[in-house]
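Asker: compute the structure for the input listed below.
(2 chains)
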Amino acid sequence: MATAAAEAVAVRTVEEREIRFVRLWFTDVLGMLKSVAVTSAELEQAFTEGIGFDGSAVDGFARIQESDMLALPDAATFQVLPDDSGVARMFCDIRTPGGEPFAADPRQVLRRNLSRAADLGFTCYVHPEMEFFLFRGANDPTPLDQGSYFDLTTLDVESDFRRHAIQQLEHMGISVEYSHHEVAPSQHEIDLRYADALTMADNVMTYRLMVKETAMHRGVHATFMPKPLADHWGSAMHTHLSLFEGDTNAFFEESDPYRMSTVAKQFTAGILAHAREICAVVCQWVNSYKRLVPGFEAPVYVSWGRYNRSSLVRVPLYKPDKPESARIEYRAPDPACNPYLAFSVLLAAGLRGIEKRYELQAEAEDNIFEMTDMERRAAGIPSLPKNLDEALREMEDSELVADALGEHVFEFFLRNKRVEWDAYRAQVTPYELERYLPML
Amino acid sequence: MSTTSHGDAAAQVTDAELARLGLAGVAEDLARLELWPQARHGGGPARLLRELAAAPNAAEAVSALARVVAAQPEARTWMAATPHVPVRVATTVGASDALADLLTLRERLLAHLAGDLEPWDVATVRRLGAAALGESEPEQALVWTQREGLLRIAARDLLGMTDTPGATAELSDLAEGLITAVCQQVAGDAPLSVIGMGKLGARELNYVSDVDVMFVTADGTVTEATRAAEQLLRLLGSHTAHGRAYEVDANLRPEGRDGPLVRTLEGYARYYERWAAQWELQALLKARPVGGDAELGRAFTDLIAGHVWPDRLDGQRVTEIQRMKARVEASKSVQRHGAREVKLAPGGLRDIEFAVQLLQLVHGRHDASLRQPGTLDALWALAAGGYVDEGDAALFGDAYQFLRTVEHRLQLWRLRRTHALPGDDDQRERIARTVGFRDLPTATALAQFDREYERVQSFVRRLHEKLFFRPLLERFAELTRQEQLADTEGNLDEQAARDRLAALGFADPRAAIDHLDALASGLSRRSRLFRTLLPALLPTLAGSADPDVGLAALRQLADRLQESPSFLRTLADNPPVGDLLVGVLGSSRVVGEWLQRQPELFTVLADRENLETTQSRADYQRLADGLRVRGDDEPGHSSALLRKMKRREAARTAVRDLGGLADVEDVAGELTALAEACLDAAVSLVVPEGLRLAVIGMGKLGGGELGYASDLDVMLVHDGDGPTAAAAVERLLRLVGEITPEGAVFEVDLKLRPEGTDGPLTRTLDSYRQYYQRWAQGWEILALTQARPVAGDAELGARFAELIDEVVYADQPSGERLDAVRRMKARLEAERAGDQQKPRRTRPRAGAAAGPGRHGPQRPGAAAGSGSRSASQDLKLGPGGLSDVEWTVQLLQLAHGGQHEALRVPGCLAGLDAAAGAGLLDAEEVEWLRGGWRVQSRVRNVAYLVGLRDTAVLPTDEAQLQRLARVLGYPAHEAQSFADDLARARRRVRKVHERHFYGA
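Answerer: Residues are numbered from 1 along each chain as shown, chains lettered A, B, ... in the order given. You can find the predicted model right below:
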């Protein structure tokens, strides 16, 4: 019902605002935004019949059966793009020619996991803190400044940049929680206000595009590459998660010393127990693992804590007067992940913890970075995978991830990432040249 | 003292009578009512006591009455003066604990039961509602007015002053009156019309129902009207100390809770024209104005009439209707579980409502008389129009009323929205009594009620047959086609029949009508029979994987068998046979074709007992021996008999398979035993005096795991003159493998013998020994793990088996030999992977270990469309395919069979069990391999039966994949779940394979 009305709104808006094109967006398995443009005249047909395209041209969409696919716009996501362009966008669900939701469409993957959560009575809310860098160009990683965290004295172009990017986002109906300059030079963070997981995954896709376009208009380059500068902090996408039952936050428990409910503890335990096997999905690039090293407040070990900023899961202090804000913060993902798949595996791991009643290990009180390997081993604190290869090996053996992603996506993802790793392995890096050429 | 005891004996109530009346347990309550022991003396108390005893649940009723009277001392005055009042009260409160509570709370309520109890019409309620709105706490006052009305209706209902449909109408009037009153109060200057939807719109409200509404206003007053509507919702829906008047739900409006609460006529028109989903239009079927601006309401009614019934039944609408049908059927599949759910259980209220709505949607476009909001009215209209049988309509109407009555009594007890009968016998007995059942000498009220409830449910479960299909066949009754076309009265016309068949799942309704016409038109015995049978058969057919093909096959079969008296008689006398038949025809083209060619196979389906037993080797052997004796003097005759037997028994197994009577292991076991018996019979037909010949099964035959498409891998061993033996083997191959109209007995493959196609067809035991000891390669030894004597000379076979033990298991195999096996497998995989675009070449000899891989026999009608053969779709040789399971198990057998004698068993599943027993695989690994083997073997079997040409590769054609998934038991449009399950099984197999075969 809401659909039909939203379609009405879309068509009306297209007429009233003289929209010439509507971009139909969807996301491939690797998290790249794909777009098919239709003219305003084709819009109604798009709603009723969908727009056909060749699935074999999209990463992860190729099937043995017919490669034709249909993109069915989700009218609830209709937005006019900013800048008076006369262009609007909608996210699409992908269908097979027979009309079944296509199992490998990342949106469908997330929907499937959300419906599992719904079966347990939960809705999932997500709030990501997305970081990115501004550089002089795509081939020139020179920072625009030497500013740092909450630094308000940085160059005008950058605060102006953030202001403009936020305007663009708000124009697209995406609420921004706050924004600031990050620790590394030229690094920024814009936090989106929490939303349900599917909306948020759509928002993340929009966000990445808006930020990149805003940068382009200003002649600079925005990147979500996880670790562009070896000596500085990388870009993370710390992801705050909570489960609600109706209007009640299921993570909050007044009487608990941590104010964490059993649900919150089991969910956290699930995420920790499966942290190694889901890592390849939340940190999916070779470069992602350059970020997960000691020394930059990035998580390296599988642990949780309330204060420790290097923990994999941080539990922010719950304010007793704001039970609805109870949540956990998962710190491994980087902003170059596929948000649909990342949220899917996080949810699956957390729900597994609830279903199987996992016990939450003790909070890591000491700074685990100062422990020796043996001390960590004695404390039962594993490391996150050290590179993509290790992460893929973990994932390969994971029934949980296979189940969360579906066999099609699981198989494609592993195959594709295996190729990426093999290509990387064959590289000779400047580091090696610099170090070995003179010496050996 | 003595005077009283000599009073009017008949009027006195004795202790014994009190007990008989079932009131002994409530003597104290009677005492409080001053009826006991007073009734011992006869007179008024005795009369009243007897009248009370007639109430349903008399004891509970008396207790409740005592409770009410105790709380309302004034009520005591009525006790003696107006004895009908306490009876009314008792009858009402005996059926409703909640009303008893209300009566104790509020004396005014009691006064209603003392009055005339005439039904309140809408105007009366409106007046009372308006008065309530004038009070200081209008929400509370409205609640009381509503409860007063409800009490009156409940009393009328329970006292038999109205029936269930009447009560639902009165309950709807009560809601309408209150809505009208509130609407008048809140509307102000803004015109506002309230549209009743759902049960309110249909005048079918329950005692406890949501009240569904929408709001309409005029141009320019939306803001004011919205305020008014919100106020209306608040007044009627606010919680007070005594609950709320109604749970008012405005979410059926366009866009649901996201949409504006109030729209203009124009707004609704725009929405329904362009955006409304099928179900929203369908909901409008029940819309009617229930309050506020009458003119606006009328305008709305006119507006929607055009939208509910479009001129054309487009594809989307048909899909939507089929989805509704699927929902009806899904509830059908919920077995007896939850039968106590009056509304949703299979055979419950929802089934009737859906069926009626479905028929309205299908036929209401052309026939305005069907556009009735109420379920019963619609049902009568359908009957009057000839869309359903009149008798059936009356019976379904009765069933619907019975179930609604039960639902009402359930809800009345606590005024809760419940639809489930209590499991507790005592509580259910109370319902039984309030529905009207009484203890009889032969059966208690509860027993009668339970029986009736079950009878109604099982009757309603047949609604597909009765409401959907029977009328389709009625039209053929004693009419020619021409007459049908001319006939407009009382029978479905051609268009209506087509619409209905399309809605029920036939892709080509025109052809379906032709088939039905051929089967059921006319006066012959056959057509009369099919007119009776088809309504029951068509639901099964419509739910099968391919209804169109199934119906065509049924028609052809009937044509072929029209002279066969047993065919018609069996169908007539044994309805489950027909059901099984159409189920098989709708899923398997192949069995359909077998039946066309060999109609006597039909007898196989008719023998239920036989279908339910798993046949053993001995059973088949007996059959084969019998044939041999009959055809002894004429070998050609024998071989024909053998072929027929093979075809019949394979068909039997296929029917068991499709009918869910045999799992994949049963199927493999039967097909293997059948093959063995046929081979054995053939051997004894060809072997001359003085020659001994044994057949050694290899591959799937040796493993006892044949599928429908498997050929028989064998080797032959003889003892006697060589040329004589070779000649006998040639005769054997001809006899078994000859292609005739009935097909070959089996396809026999000797390629696994030493030296392959270059080697002699048969050898002596010594020759085998020499070969294996000196020349055999690793894969040949591996293949021997599956070797097993299956037919012919038993003693010679046993000696061959000893040889196998010696060759395969005597020495620990060298690492070299095992590596050679691994390399061979790796090479096969590489070839398979590089094989994607090319047509598959003939099986490499080393496929031995994995069994035969030839395509099934070419069949007419088998659809093409194999396209590219991706390894990932190859059930046999692709990664995680059957050969991964087989090679893994066989390698374990080869490597460890020396130490573990239990491992020396042919067969993949048996080998797996043995490997688990020997601790070579853990439980999960065994489960994964077994699961992978079972699911892929089953897919191959079903692919063969469905009629796919190549059973080794999943079809690339979407429609074929869908059909395959349906027959495998997946719901319609779930081919991707099937693909996902299969991919999971294969991934897991591959993981174990890499771990244990390659030692990853």
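Asker: tell me the SS of B:Ile696?
Answerer: strand (DSSP: H, G, I helix; E, B strand; the rest coil).
Asker: stretch A:22-29 close to chain B?
Answerer: No. Taking CB under 8 Å from any CB of the partner chain as the criterion, stretch A:22-29 and chain B are apart, separated by no less than 14.9 Å. For the C-beta atoms, the positions are set from N, CA and C on the backbone; glycine is no exception.
Asker: any idea how far that stretch is from the chain center?
Answerer: 16 Å (CA atoms, centre = their mean, to the nearest Å).
Asker: and for whatever residue of the stretch 251-400 of chain A ends up closest to chain B, the neighbour number?
Answerer: Nearest residue of the stretch 251-400 of chain A to chain B, counting by CB to the nearest CB: A:Asp397, 7.6 Å away. Neighbour count of A:Asp397, defined by other CB atoms under 10 Å in any protein chain shown: 12.
Asker: which ones are touching A:Gly52?
Answerer: By CB atoms under 8 Å, 6 or more residues apart in numbering or on different chains, the contact set of A:Gly52 is A:Asp68, A:Met69, A:Leu70, A:Ala71.
Asker: check it and give its pLDDT.
Answerer: At A:Gly52, the model reports a pLDDT of 88.
Asker: chain center to the host helix or strand of it: distance?
Answerer: A:Gly52 belongs to strand A:51-54 when elements are defined using DSSP states H and E. In terms of CA atoms, centre = their mean, the centre of strand A:51-54 is set 26 Å apart from its chain centre.
Asker: who touches the helix or strand that that strand is followed by?
Answerer: Elements were assigned by DSSP H and E; along the chain past strand A:51-54, the next helix or strand is strand A:68-73. With CB under 8 Å, 6+ apart as the test, strand A:68-73 has contacts from A:10, A:22, A:24, A:26, A:36, A:46-47, A:49-55, A:58, A:61, A:90-97, A:99, A:102.
Asker: okay, and for the stretch 51-200 of chain A, where does confidence drop off?
Answerer: A:64-66, A:84, A:146-157 (pLDDT under 70).
Asker: residue numbers of the stretch 251-400 of chain A in contact with chain B?
Answerer: Counting by CB under 8 Å from any CB, the stretch 251-400 of chain A sits next to chain B at A:Asp397.
Asker: which residues of the stretch 251-400 of chain A score low on pLDDT?
Answerer: Ranges of the stretch 251-400 of chain A meeting pLDDT under 70: A:366.
Asker: quick one, helices of it?
Answerer: A:262-273, A:275-282, A:288-291, A:339-355, A:373-378, A:388-396, A:399-405 (DSSP state H, counting those that start in this stretch).
Asker: report the distance from the first one to the chain centre.
Answerer: Yep, that's helix A:262-273 we're talking about. The answer for helix A:262-273 is 20 Å, by CA atoms, centre = their mean.
Asker: any idea of the angle it forms with helix A:339-355?
Answerer: Following axes from the mean of the first three to the mean of the last three CA atoms, to 10 degrees, one obtains 120 degrees for the angle between helix A:262-273 and helix A:339-355.
Asker: so what secondary structure elements neighbour helix A:262-273?
Answerer: Helices and strands touching helix A:262-273, by 3 or more CB pairs under 8 Å, 6 or more residues apart in numbering or on different chains; DSSP states H and E, are strand A:237-245, strand A:313-314, strand A:328-330, helix A:339-355.
Asker: run through who's touching it.
Answerer: So helix A:262-273 is contacted by A:241, A:243, A:250-253, A:260, A:278, A:302-304, A:312-313, A:315, A:326, A:328, A:330, A:346, A:349-354, A:356-361 (CB under 8 Å, 6+ apart).
Asker: I figured B:Ser587 was touching B:Pro547, is that so?
Answerer: No. Look at B:Ser587 against B:Pro547 with CB atoms under 8 Å: they stay out of range, at 10.2 Å.
Asker: pick out the residue closest to the middle of chain A.
Answerer: A:Pro339 (3.2 Å; CA atoms, centre = their mean).
Asker: now the helices and strands packed on helix A:262-273 in TSV, with distance to B:Val356?
Answerer: Listed next are those as TSV, based on distance: least, CB to CB, whole Å:
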stretch	distance to B:Val356
strand A:237-245	37
strand A:313-314	55
strand A:328-330	51
helix A:339-355	41
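Asker: any of the contacts of strand A:68-73 buried? List them.
Answerer: Neighbour-count burial (16 or more other CB atoms under 10 Å in any protein chain shown) is assigned, among the contacts of strand A:68-73, to A:10, A:22, A:24, A:26, A:36, A:46-47, A:50-51, A:53, A:55, A:58, A:61, A:90-97, A:102.
Asker: quick check on the contacts of helix A:262-273: which are buried?
Answerer: Counted by 16+ other CB under 10 Å, those give A:241, A:243, A:250-253, A:260, A:278, A:302-304, A:312-313, A:315, A:326, A:328, A:330, A:346, A:349-354, A:358, A:360-361 as buried.
Asker: just for the stretch 501-650 of chain B, where's the confidence low?
Answerer: For the stretch 501-650 of chain B (pLDDT under 70), the answer is B:628-636.
Asker: so where's chain B uncertain?
Answerer: In chain B (pLDDT under 70), the answer is B:1-10, B:278, B:310-338, B:475-491, B:628-636, B:740-743, B:834-869, B:1000.
Asker: and it, which residues reach chain A?
Answerer: So chain B meets chain A at B:254-256, B:258-259, B:270-271, B:274-277, B:280, B:316, B:319, B:868, B:870, B:872-873, B:954, B:956-959, B:961-962, B:973-976, B:979-980, B:983-984, B:987, B:991 (CB under 8 Å from any CB).
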